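J.: A predicted structure for the sequence below; I have some questions about it.
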Amino acid sequence: MKNLRSMLPNEIEDILAGLGEPKYRAKQVFKWLGRGIGSIDEMSDIPKSLREKLKNEYTVYEPKVLSKQVSKIDGTIKYLWELYDGNAVETVVMSYKHGNTVCVSTQVGCRQGCAFCASTIGGLVRCLEPHEILEEVMFSQIDSGKQISNIVLMGIGEPLDNFDNVVKFLELVNHPDGMNIGMRHISLSTCGITEKFDKLAELNLQLTLSVSLHAPDDETRSKIMPANHGRGVDELMECYYEKTGRRISFEYIMIDGVNDTQYHAQLLSKRARYVGAHVNLIPMNHVEESRFQPSTQGHIKAFVKVLEDNGVNVTVRRKLGGDVEASCGQLRRKMQKGNQVK
Ligand code: SAH
């Protein structure tokens, strides 16, 4: 059955028109869906006969909380949700001075194969539907009681490998009668599926594109990110920025002895200045199965200094939720391995 929460008001209008119902009901239905109802029957101002007709062909689902961990250090909340088919994905809610940010997953697993990332270890299981990504935001807000003001698509999965569903999710979450979260408050993070950049640029969305660069040269990048093969750093730099003129930011995980040398810092500075990118350095979270180690504090400091001396806008990501495994794919991985998650 089709899920109603993946539909925009105009699509609901079409469905209702087919059932001989007036247009205004579409807005009513969409609003109910946005309030986080778990079944069609909860739409109390919709006539029962219409609810029954809808239930014949459509459904609404409320994901179950499999696990919820709250950091004692900074209040970061990590959810593991059970989806309708028994699969699980993670969502993280982080609180900053300027508001609450939710980090959502876009796929169950991932097929990009980055060597440092826990999400990709079991490969890709399936893409998330638009309503499933929306429900991560909606039910995190409802359960935590924290009003979500910002969204980052930086959880499990590669958003541009689930392009149509991710775009639909963006339209849904941005809709004024829905959660109404502005595009300027949304960041999409990608390992660089460059062939989708044109399509994204054409949509002219006002969102921030974060490129998970992690190395400024092809030799290093191809070693840690299979997605670099056949694409390359030069290609990554140009396409999106040139088409939209919108700023991009670079994510850069600091991995000991792999991408944290002075050579890398100098080349990264050049790349960042070329497109005016902001650089976000990420202290690497250790992943059990990975052979990599996080860079030392000393190396991170020296790396930052090179970037700053070159006039690059750089920040080091504050580590949030260190005690709740709030990094990409770790919790789901633990569950896959049969360990207790609470
Ligand atoms: N596929 C997208 C979005 C998901 S990954 C992308 O590649 O951007 C979100 C961010 O978490 C990326 O920048 C990714 O490189 C980072 N990440 C993955 N594993 C990590 C680890 N072990 N420690 C710190 N950050 C990690």
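T.: Now that the structure is in, tell me what you want to look at. Numbers count the residues shown, from 1 in each chain.
J.: all contacts plus neighbour counts: C-alpha atoms, from now on.
T.: Fine.
J.: so the longest strand belonging to the chain, near the ligand or not?
T.: Longest strand of the chain, by residue count under DSSP state E: strand 88-96. No - Strand 88-96 lies apart from the ligand when judged by C-alpha under 6 Å from any ligand atom; the minimum separation is 11.5 Å.
J.: is any residue of the helix or strand just after that strand near the ligand?
T.: Following strand 88-96 in sequence order, the next helix or strand is strand 99-103 (DSSP states H and E). No - Strand 99-103 stays clear of the ligand (C-alpha under 6 Å from any ligand atom), getting no nearer than 9.0 Å.
J.: I'd assumed Ile282 was in contact with Val314.
T.: No - using C-alpha atoms under 8 Å, Val314 is not in contact with Ile282; the gap is 10.8 Å.
J.: and the closest residue to the ligand within the stretch 1-150 of the chain, what pLDDT?
T.: When scored by C-alpha to the nearest ligand atom, the stretch 1-150 of the chain has Cys117 as its residue closest to the ligand, at 3.6 Å. Listed pLDDT for Cys117 reads 92.
J.: begin at 20, not 1, for the rest of this chat.
T.: OK, 20 is where the count begins now, so the last one is Cys136.
J.: for Asp93, see how far away it is.
T.: For Cys136, the distance to Asp93 equals 23 Å [C-alpha to C-alpha, to the nearest Å].
J.: can you give me the strands for the stretch 20-169 of the chain?
T.: Under the criterion DSSP state E, counting those that start in this stretch, the stretch 20-169 of the chain contains strands at 21-22, 77-78, 83-89, 96-101, 107-115, 118-122, 126-128, 143-146, 167-172.
J.: buried sites along the third one?
T.: If I follow you right, that is strand 83-89. Buried residues in strand 83-89, defined by neighbour count with 16 or more other C-alpha atoms under 10 Å: Lys87, Gln88, Val89.
J.: what about the nearest residue to the second one once chain neighbours are set aside, how many residues close to it?
T.: In other words, Gln88. Nearest residue to Gln88 in three dimensions, chain neighbours excluded: Lys97, at 5.2 Å (C-alpha to C-alpha, 6 or more residues apart in numbering). Neighbourhood size, Lys97 [other C-alpha atoms under 10 Å]: 25.
J.: partners of Lys97 in the sheet?
T.: Applying DSSP bridges to Lys97 gives these bridge partners: Gln88, Val111.
J.: hang on, isn't it packed against Lys87?
T.: Yes - with contact defined as C-alpha under 8 Å, Lys97 counts as touching Lys87 (5.6 Å).
J.: picking up where we left off before, by how many degrees do the longest strand of the chain and strand 167-172 diverge?
T.: Counting by axes from the mean of the first three to the mean of the last three C-alpha atoms, to 10 degrees, strand 107-115 lies at 130 degrees to strand 167-172.
J.: which elements pack onto strand 107-115?
T.: strand 96-101, strand 118-122, strand 126-128, helix 149-163, helix 349-355 (3 or more C-alpha pairs under 8 Å, 6 or more residues apart in numbering; DSSP states H and E).
J.: so can I have a markdown table of the ones you listed showing mean pLDDT?
T.: What follows is the helices and strands packed on strand 107-115, written out as a markdown table (pLDDT from 0 to 100):
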| stretch | mean pLDDT |
| --- | --- |
| strand 96-101 | 96 |
| strand 118-122 | 96 |
| strand 126-128 | 97 |
| helix 149-163 | 98 |
| helix 349-355 | 62 |
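J.: winner for burial among these?
T.: Ranked by mean neighbour count under mean count of other C-alpha atoms under 10 Å, those are led by strand 126-128, which reaches a mean of 26.
J.: for this structure, which segments count as helices?
T.: Here the chain has its helices, by DSSP state H, at 28-37, 43-53, 67-76, 149-163, 182-193, 216-222, 237-243, 252-263, 281-294, 316-328, 349-355.
J.: ok, residues contacting the fourth one?
T.: Here helix 149-163 makes contact (C-alpha atoms under 8 Å, 6 or more residues apart in numbering) with 22, 24-25, 53, 55, 81-82, 98, 102, 110, 112, 121, 123-125, 165-167, 184-185, 187-188, 191-192, 198.
J.: same check on stretch 40-49?
T.: Counting by C-alpha under 8 Å, 6+ apart, Arg24, Leu27, Pro28, Asn29, Ile31, Glu32, Leu35, Ala36, Met62, Ile65, Asp196, Gly197 sit against stretch 40-49.
J.: who's in contact with the third one?
T.: The neighbourhood of Pro28, defined by C-alpha under 8 Å, 6+ apart, consists of Ala45, Lys46, Phe49.
J.: could you dump those to CSV with neighbour count, distance to Leu232 and pLDDT?
T.: Shown next, in CSV, are the contacts of Pro28 (neighbours: other C-alpha atoms under 10 Å; distance: C-alpha to C-alpha, whole Å; pLDDT from 0 to 100):
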residue, neighbour count, distance to Leu232, pLDDT
Ala45, 21, 43, 95
Lys46, 17, 42, 94
Phe49, 21, 38, 96
